[in-house]
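Asks: Can you look at this prediction? I've put the sequence above it.
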Amino acid sequence: MDFLPIFINIRNRPCVVIGGGEVASRKVSLLQRAGGDVTVVSPVLCTTLKQQLDNKTIIFIEASFAASQLDKAALVIACTDDAGVNKAVHEAAVLRNIPVNVVDNPHLCTFIMPSIIDRSPIVAAVSSGGISPVLARIVRTRLETLIPEATGKLGQLAADYRDRVKAKFSIVNERRVFWENVLQGPIAEMVFAGQDRKARHAIDEELQNAGSMKTGEVYLVGGGPGDPDLLTFRALRLMQQADVIVHDRLVSQEVLDLCRRDAEMIYVGKERNKHTLQQEGINELLVRLAREGKRVCRLKGGDPFIFGRGGEEIDTLVDEGIPFQVVPGVTAASGAASYAGIPLTHRDYSQSVVFVTGHLKDGTSNLNWPGLVQPNQTLVFYMGLVGVEAICKGLIEHGMSKDMPMSLVQKATTRDQKILIGTLENMPELVKKSAIKPPTLIIVGEVVSLHDKLNWFEPERVEH
Ligand code: SAH
């Protein structure tokens, strides 16, 4: 370890920045965020610092550097473009035992500035000892995905309850177990999901029952269209902490592979006409698992609220008083459109987009055909493979041109993605001739013509 990592308290203490440019301005802001009283020494100031001066948020010494300016400083940062001045600052500071940082010059630093993730009161700092700031930044970015934005709020909650918890559990070990449960269990997730009041209520209850939390919770998570890179940070985090994963056919293997290794996996596959567990059974299963105190991740393909029956599943949870949260996912329409180079809207071609189910009950009668056949509108049919012929026929019969461009995307965003491009007239024939497999998405509209030019995703063909 080349440097000792420490956090310094500079609240209301004098900090001196030598230099008046943009870099100096960034350092000033950072010092102010930690409550430092900043003096800037420079013959001139950049616009941002002038603004600070006008707002009286800095003290300005309009002069060149002189050692005496450091006399009362708690900390000094030099960021001038004059190597001689930077060196003089270093020497003057060392002589006075004041911590000094010279920007971009590790040899002249007695302290260095880490790359930080600020979720105050939680702050994570990463340093490469000045060797490779870029690498430090990359590591920081990785960490950032693991520390939810609301971690600060969680820290605040812990601070607010600290004394009460201490009074309740006098034994250190009991206290630790209590906090571990709160800070990485359902209560933490409530805070992350913006359910602050609920979280405080839950912690009150926990305190009353002396840490005997019985009910688990359910995360209704959108797993996206297939490519695991399209998961949200929150989806990934919940997948990795759930005790049970309840998933179905649409969730790709690559996404499932990211779930917690020792989680119990329950498949409730919903293949057409072959529902392994009927919807009611799934709803009941979720309730039963949560009642056993488990954290249940109900993982669904795409977005849970788009043709995912997510509404029905949480409806039962509400009735049964089970805590839950919903995590959106990239829906198949977004995934397929992006990965096929077909913008769903476009100034020149389409001002609206309609998501519609192609799973046609009693033939075709239940769709609002006139509403679908509108100018400058893109149509996206989910579950449309079986009904493709009926869809094309219905649209033509209700006045859409038989030459309207149309696309069918198989297993969008995955290595097995395959795209058919045609028209309302010839698509049924194209589908018959190809070995297309579900899941597929149908896109109808002028925007499909943009595919030729905008297509960018060309996975290596995987033959099975
Ligand atoms: N909740 C899901 C949709 C569930 S309905 C979502 O938001 O995406 C199931 C239909 O979604 C499938 O019949 C198919 O039309 C579509 N679908 C899901 N994933 C797909 C994929 N990777 N490629 C093409 N279509 C997909």
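Replies: Received, thanks. Numbering: from 1, shown residues only.

Asks: Kindly list the main-chain dihedrals of residue 419?
Replies: Dihedral angles phi and psi of residue 419 (degrees, to the nearest 10) take the values phi -120, psi 130.

Asks: Quick check: bridge partners of the residue of the stretch 251-400 of the chain found nearest the ligand?
Replies: Evaluated by CB to the nearest ligand atom, the stretch 251-400 of the chain has residue 302 as its residue closest to the ligand, separated by 1.9 Å. In short, each C-beta sits where N, CA and C put it, glycine included. Going by DSSP bridges, residue 302 is paired in beta bridges with residue 224.

Asks: again with residue 380
Replies: With DSSP bridges applied, residue 380 shows beta-bridge pairing to residue 355, residue 443.

Asks: Need the per-residue pLDDT for it.
Replies: We note a pLDDT of 98 for residue 380 in this prediction.

Asks: what does residue 207 give?
Replies: Note for residue 207: predicted pLDDT of 88.

Asks: Distance of it relative to the ligand?
Replies: Per CB to the nearest ligand atom, to the nearest Å, residue 207 is found 39 Å from the ligand.

Asks: Without its sequence neighbours, what residue ends up closest to residue 74?
Replies: In space, not counting the residues next to it along the chain, residue 74 is nearest to residue 13; the distance is 4.0 Å by CB to CB, 6 or more residues apart in numbering.

Asks: quick one, phi psi at the one you found?
Replies: Residue 13 adopts backbone torsions of phi -110, psi 150, taken as degrees, to the nearest 10.

Asks: For it, give me its contacts.
Replies: The neighbours of residue 13, taking CB atoms under 8 Å, 6 or more residues apart in numbering as the test, are 36, 37, 74, 75.

Asks: Residues of the stretch 1-150 of the chain that sit close to the ligand?
Replies: With the criterion set to CB under 6 Å from any ligand atom, the stretch 1-150 of the chain never comes near the ligand.

Asks: So of the contacts of residue 13, which two are at opposite extremes in space?
Replies: 37 and 75 (10.8 Å; CB to CB).

Asks: What ranges does the stretch 301-450 of the chain have for its helices?
Replies: Assigned helices in the stretch 301-450 of the chain, in chain order: 310-320, 332-340, 369-372, 388-397, 427-433 (criterion: DSSP state H, counting those that start in this stretch).

Asks: Now do the longest one: distance to the chain's middle.
Replies: Just to be clear, that refers to helix 310-320. For helix 310-320, the distance from its own C-alpha centre to the chain's C-alpha centre is 25 Å (CA atoms, centre = their mean, to the nearest Å).

Asks: Check whether it comes near the ligand.
Replies: No: where contact is defined by CB under 6 Å from any ligand atom, no part of helix 310-320 touches the ligand; the two come within 7.6 Å at best.

Asks: one step back: hmm, the residue of the stretch 251-400 of the chain closest to the ligand is touching residue 328, no?
Replies: No: the criterion here is CB atoms under 8 Å, and residue 302 misses it with residue 328 at 9.6 Å.

Asks: What's the local residue count around residue 160?
Replies: The number of residues packed around residue 160, counting by other CB atoms under 10 Å, is 11.

Asks: Surely it is within a helix?
Replies: Yes: when classified by DSSP: H, G, I helix; E, B strand; the rest coil, residue 160 is found to be part of a helix.
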